[in-house]
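In: Give me the fold of what follows.
(one chain, ligands or ions: 2)
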Amino acid sequence: MRLLIVEDEPEMLLFLKRFFQRKGYAVTAVTRGEDAWAAMTETEYDLVISDLVLEKMSGIELLKKIRAIDKDLPFIIITGAGTIESAVKAIKMGAFHYITKPFQRQELEITVQRAVEFGMMNRRLSKLNEETVTENNLFIIGKTPQMNRIIGIIEKIADSDTPVLIQGETGTGKTMFARHIHALSRRGEGPFVTIDCGAIMPSLLESELFGHIKGAFTGAIRAKRGLLEEACGGTVFLDEIGELPPQTQVKLLRTIQEKEIRPVGGNQVINIDVRFISATNRNLKEEVKVGRFREDLYYRLSLIPLCLPPLRERREDLLQFVAQFVREFNHRHNKQVTQLSPAVLQTIMNLPWKGNIRELKNVIERAVLLSEGSVIDSDCLGAGGMDPHIMTSGILEDSDTPAEPLLLKKSVEEAEKTAIRRALHLAEGNRSKAALFLGIGRRTLYDKLAFYQIESGRLD
Ligand SMILES: Nc1ncnc2c1ncn2[C@@H]1O[C@H](COP(=O)(O)OP(=O)(O)O)[C@@H](O)[C@H]1O
Ligand SMILES: [Mg+2]
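Out: Numbering: from 1, shown residues only. Ligands and ions are numbered 1, 2, ... in the order given. Sure, this is the predicted structure:
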């Protein structure tokens, strides 16, 4: 990360330079706006921090020049007290944030981190929106070392017939990875048959898997082929394998070992040529320990074990997911979102994402749908006093935990309250200024003050 710092007070400049160097940033430190501009043309920076009042070229002038060539480069203004008017002006011109002296180190660090993330995000969005969109491309996102390792393994083993066991919380991409392995394998043109072991009644599961002959049980008026037979030449995806009843576990084990099935009620043996991929959100090894899952079957299924990390453990990938989903839903819903407001970004970075990528995808879809124009703001996340029932229907039907939007709404409200209080404080109680800081209309601010019952201190 490259930072460009402009500050005319040498002591302050040195402090900032050392502070950020220690945090691992590559820092260019200059004392004059003109030098900053010259440096800009030499190097591509990720962030500019500039003092507002400089001798010749002011922070604002520098910002104006930069915005003419780069609309996404994050810009943080540092001001002394008493120059709030100009800070407002700077924000209007696209500065990310401003910090008033004296400031806390932590405040400075967090603001800078957020600004850098914000810049990366918007750059990525701009870039992605330029690319042509092809639907249904298997686009696997993930650049953490753990994800790289998983993708590496998949590429190596896709083409063999080795069983794969994918473990991970709901929404972490188990189904997607199973499909990906299938698509990469030489069976890619063959069928991909999913069996949700948790969703089929145990009494029907065996006939679903192995098929049955006519008259095998009451109601079996015709012979029926099993899903394992349907999948011949392709891949069988056993989803929620942890739910498989014990008696079916035995039969599945035999099937995998002998590559043949016997339809329920019959003696005939059918050879099957399938590859097994299974998935579970349980810890299957634990299930083995407590005796709910057969050990021999576990070892058969898990020759290649893959563990997909929860989203909260791969926050580095969050922005890329957001960018990808915004692009996808722009295309699907004919929208033109190119930016997320800093508050929204902050909320997204901080939420626990218990429903993982699926939940994030749902939230982004709703936000894109609700957006007006190019920016997703907090209202689009559902904070605008929206009926939670509306939020859980339709768009969110894919979600496993319908209570989540309420939680989300609450965290967004908390974030909003904090932002409003902070803006009021910075604006010394002047509500028009506070509204400007927040990037919302005065009317909206009044409504929100009433809604949250916040005292604004001073009337304007
Ligand atoms: N690495 C990834 N890149 C892009 N999209 C992903 C990725 N992982 C998951 N998704 C998307 O997230 C959603 C949930 O994934 P899914 O495979 O259904 O999760 P699981 O089967 O673990 O519950 C799907 O819409 C999927 O396309
Ligand atoms: Mg799934």
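In: Check the burial of the residue in the stretch 101-250 of the chain that ligand 1 sits nearest to by counting its neighbours.
Out: Nearest to ligand 1, among the residues of the stretch 101-250 of the chain, is G173, at 2.7 Å (CB to the nearest ligand atom). Where you see a C-beta, it was placed from the backbone N, CA and C, and this is true even at glycine. By the measure other CB atoms under 10 Å, the count of residues near G173 is 23.
In: how near is it to ligand 2?
Out: Distance, G173 to ligand 2, by CB to the ion, to the nearest Å: 8 Å.
In: from what I can see that residue touches P309, true?
Out: No: contact criterion CB atoms under 8 Å: G173 and P309 do not qualify, at 9.7 Å.
In: OK, contacts around the residue of the chain found nearest ligand 2?
Out: At 3.4 Å from ligand 2, T175 is the closest residue in the chain, using CB to the ion. Residues near T175 by CB atoms under 8 Å, 6 or more residues apart in numbering: 194, 237, 239, 279.
In: Kindly list the single helix or strand of the protein that scores lowest on mean pLDDT.
Out: Scoring the helices and strands of the chain by mean pLDDT, DSSP states H and E places helix 388-392 at the bottom, with a mean of 32.
In: Now do stretch 432-450, average pLDDT.
Out: Across stretch 432-450, pLDDT averages out at 80.
In: where in the stretch 51-200 of the chain is pLDDT low?
Out: The model of the stretch 51-200 of the chain has pLDDT under 70 over residues 81-84, 94, 96, 126-139.
In: Which residues of it lie near ligand 2?
Out: Taking CB under 5 Å from the ion as the criterion, the neighbours of ligand 2 within the stretch 51-200 of the chain are 174-175.
In: Run through the residues of the stretch 51-200 of the chain sitting next to ligand 1.
Out: Within the stretch 51-200 of the chain, the residues that sit near ligand 1 (CB under 6 Å from any ligand atom) are 139-142, 168, 170-176.
In: Now which of the residues you listed would you call buried?
Out: The neighbour count (16 or more other CB atoms under 10 Å) marks 141-142, 168, 170-176 as buried among these.
In: Now for the residues of the stretch 51-200 of the chain next to ligand 1: which two are most distant?
Out: Across these, no pair lies farther apart than F139 and T170, at 20.7 Å, counting by CB to CB.
In: For Q324, which non-adjacent residue is closest in space?
Out: Distances taken as CB to CB, 6 or more residues apart in numbering place I141 nearest to Q324, at 5.8 Å, with adjacent residues excluded.
In: so the one you found makes contact with V322?
Out: No: with contact defined as CB under 8 Å, I141 does not count as touching V322 (10.0 Å).
In: okay, now I99: neighbour count?
Out: By other CB under 10 Å, neighbour count at I99 equals 17.
In: how about it, secondary structure?
Out: Classification of I99 using DSSP: H, G, I helix; E, B strand; the rest coil returns strand.
In: In contact with it, which residues?
Out: 76-79, 107-108, 111.
In: who wins for neighbours among those?
Out: Compared across the contacts of I99, I77 has the highest neighbour count, 26 neighbours, by other CB under 10 Å.
In: what about it, distance to ligand 1?
Out: 36 Å (CB to the nearest ligand atom, to the nearest Å).
In: Just give the nearest non-adjacent residue to that residue, would you?
Out: Y98 (4.0 Å).
In: What is the burial count for the one you found?
Out: Other residues close to Y98 by other CB under 10 Å number 23.
In: and the stretch 251-400 of the chain, which of its residues are near ligand 1?
Out: Within the stretch 251-400 of the chain, the positions adjacent to ligand 1 are 357-358, 361 by CB under 6 Å from any ligand atom.
In: 5 Å - rerun?
Out: 357-358 (CB under 5 Å from any ligand atom).
In: what helix or strand is I166 on?
Out: Element membership for I166, per DSSP states H and E: strand 164-167.
In: Heading C-terminal from that strand, find the next helix or strand.
Out: Immediately after strand 164-167, counting by DSSP H and E, sits helix 174-184.
In: Buried residues, the helix or strand containing I151. List them.
Out: Using DSSP H and E, I151 sits within helix 145-157. For helix 145-157, burial by neighbour count (16+ other CB under 10 Å) applies to 147, 150-151, 154, 157.
In: outside of it, which residues touch it?
Out: With CB under 8 Å, 6+ apart as the test, helix 145-157 has contacts from 140, 142, 164, 177, 180-181, 184, 304, 306-309, 314, 317.
In: let's see it at 10 Å
Out: The contact list for helix 145-157 (CB atoms under 10 Å, 6 or more residues apart in numbering) reads 140-144, 163-164, 166, 173, 177, 180-181, 184-185, 303-309, 313-314, 316-317.
In: which among those residues end up buried?
Out: Buried among those (16+ other CB under 10 Å): 141-142, 163-164, 166, 173, 177, 180-181, 185, 304, 306, 308-309, 314, 317.
In: among these, which two are most distant?
Out: Among the buried ones among the contacts of helix 145-157, P163 and D317 lie farthest apart (CB to CB), at 27.3 Å.
In: show me where the stretch 151-300 of the chain has strands.
Out: In order along the chain, the stretch 151-300 of the chain carries the following strands (DSSP state E, counting those that start in this stretch): 164-167, 192-196, 211-212, 224-225, 235-239, 260-261, 270-271, 275-280.
In: thought I195 was touching E206?
Out: No: under the criterion of CB atoms under 10 Å, I195 is not in contact with E206, lying 11.3 Å apart.
In: What is the lengthiest helix in the chain packed up against?
Out: Ranked by number of residues, the top helix in the chain under DSSP state H is helix 105-130. If contacts are counted by 3 or more CB pairs under 10 Å, 6 or more residues apart in numbering; DSSP states H and E, helix 105-130 sits against strand 2-6, helix 10-22, strand 47-51, strand 75-79, strand 97-100, helix 318-333, strand 339-340, helix 342-350.
In: Parallel or antiparallel, list what pairs with the fifth one.
Out: In this case it means strand 97-100. strand 75-79 (parallel) (DSSP bridges).
In: and what of the third one?
Out: The strands that strand 47-51 pairs with in its sheet are strand 2-6 (parallel), strand 75-79 (parallel) (by DSSP bridges).
In: Please save the CA atoms from that strand in PDB.
Out: Taking Å, rounded to 0.1, in the frame of the first residue of the first chain, the C-alpha atoms of strand 47-51 are listed here in PDB:
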ATOM      1  CA  LEU A  47      -4.300   6.900  -0.600                       C
ATOM      2  CA  VAL A  48      -3.500  10.600  -0.100                       C
ATOM      3  CA  ILE A  49      -3.500  12.200   3.300                       C
ATOM      4  CA  SER A  50      -3.300  16.000   3.100                       C
ATOM      5  CA  ASP A  51      -3.300  18.900   5.400                       C
END
